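Chemist: 3D, please:
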Amino acid sequence: MVRHSGKDLNISGYMRVDGGIYDSVKINGSADLNSALQCNDLKVNGTANISGSVNSDYIKVNGRIYVRDSVEAGEYMTNGKSEIEGSMKADYIKVDGSLEVKRNIEAGKIKVNGEILAGEGLNAEEMDINGRININSLLNADRLKFELYWRSYAGEIGGEHIVIKKGDLMGFDKFLKFVFSAFGYKESSLNAGIIEGDDIYLEATQAKIVRGKNVVIGEGCSIELVEYKDTFRQQNGGYVKESKKI
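Modeler: All right, here's what the predicted structure looks like:
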């Protein structure tokens, strides 16, 4: 990514300023930026509302950020809530909390503890999710590891290695177990139209079609049709209406 040359912008308390080109931007408190922002690194401790796009090598949010347009970053880390009205592109995305992007998400690697939502599609090389997703179109990842803790949805899922399991609360303390249960852990499930990949392992998943080379349908699944090339196995009560080798 191109390095941006400019002065630093440091905000403490509340400030309304113009966007522009900066080296480093630090927000401690609350800020409204009236136009697009380009910088080498952006750090938000509090709240930031940006009325334009954001382009930065490094973005770290502790709190909340709202971007009226798109975001492009080398590394994007959020601990709290991020809302992006446009699309998002990054080499690495780390979410502890919530990331909502109204259009497409494109990334190299994504790590989520919480939720990730895309109004259109999501494309990544590698995804590791603990929580929930809501992807209105195609979720495509070479490697997808997904532990479900709430109800999730994807129009389609594609990839090489796909593992979807119901999350295990045993490793959490009593408070977090209560939170997960209160917000629907017992109903944790994934609903998808089509799931297609090479090696597929599924739990707690409802889908119309699952298509792959090697397919395992496990506990809590309800699948209308499984199409497999090499191997297919049902276990722990996983339900399949019809299966066929292709």
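Chemist: what's across from residue 73 in the sheet?
Modeler: For residue 73, the beta-bridge partners are residue 56, residue 90 (DSSP bridges).
Chemist: pull the contacting residues for it.
Modeler: 54-59, 89-91 (CB atoms under 8 Å, 6 or more residues apart in numbering). Using the backbone N, CA and C atoms, a C-beta is placed for each residue, glycine as well.
Chemist: got TSV for these, with pLDDT, neighbour count and distance to residue 190 too?
Modeler: Listed next are the contacts of residue 73 as TSV, based on pLDDT from 0 to 100; neighbours: other CB atoms under 10 Å; distance: CB to CB, whole Å:
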residue	pLDDT	neighbour count	distance to residue 190
54	98	27	31
55	97	21	33
56	97	25	33
57	97	17	34
58	98	17	32
59	98	27	29
89	98	17	25
90	98	22	24
91	98	14	27
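Chemist: just put the residues you listed in TSV and tack on distance to residue 144.
Modeler: Shown next, in TSV, are the contacts of residue 73 (distance: CB to CB, whole Å):
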residue	distance to residue 144
54	27
55	28
56	27
57	27
58	26
59	24
89	19
90	17
91	18
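Chemist: ok, these vs residue 44, which is closest?
Modeler: Ranked by distance to residue 44 (CB to CB), the contacts of residue 73 are led by residue 59 at 8.0 Å.
Chemist: quick check: that closest one touching residue 42?
Modeler: Yes. Under the criterion of CB atoms under 8 Å, residue 59 is in contact with residue 42, at a separation of 4.7 Å.
Chemist: biggest strand in the chain, by residue count?
Modeler: Using DSSP state E to define each element, the chain has its longest strand at strand 122-148.
Chemist: buried set for the helix or strand that it is followed by?
Modeler: Helices and strands here follow DSSP states H and E; after strand 122-148, the next one along the chain is strand 151-166. Within strand 151-166, the residues that count as buried by 16 or more other CB atoms under 10 Å are 151-154, 156-159, 161-166.
Chemist: what of stretch 227-237?
Modeler: By 16+ other CB under 10 Å, the buried positions in stretch 227-237 come out as 227-228, 232, 234.
Chemist: go through these and flag which are in strands.
Modeler: Per DSSP E, the subset of the buried residues of stretch 227-237 in strands is 227-228, 232, 234.
Chemist: looking at those, which is nearest residue 244?
Modeler: Scanning those for proximity to residue 244, where the rule is CB to CB, the winner is residue 227, at 5.9 Å.
Chemist: I figured the closest one hits residue 210, correct?
Modeler: Yes. With contact defined as CB under 8 Å, residue 227 reaches residue 210; the gap is 7.4 Å.
Chemist: after the helix or strand of the chain with the lowest mean pLDDT, which helix or strand is next?
Modeler: Using mean pLDDT, DSSP states H and E, the weakest-scoring helix or strand in the chain turns out to be helix 174-182, at a mean of 51. Moving toward the C-terminus from helix 174-182, the next helix or strand (DSSP H and E) is strand 189-202.
Chemist: pairing partners for that following strand, with directions?
Modeler: strand 151-166 (parallel), strand 205-217 (parallel).
Chemist: would CSV of those strands with mean pLDDT be doable?
Modeler: Listed next are those as CSV, based on pLDDT from 0 to 100:
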stretch, mean pLDDT
strand 151-166, 97
strand 205-217, 98
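Chemist: is it possible to get JSON lines of those strands that adds distance to residue 37?
Modeler: Shown next, in JSON lines, are the strands paired with strand 189-202 (distance: least, CB to CB, whole Å):
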{"stretch": "strand 151-166", "distance to residue 37": "31"}
{"stretch": "strand 205-217", "distance to residue 37": "40"}
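Chemist: where does this structure dip in pLDDT?
Modeler: 1-6, 169-186 (pLDDT under 70).
Chemist: report the central residue of it.
Modeler: residue 116 (3.4 Å; CA atoms, centre = their mean).
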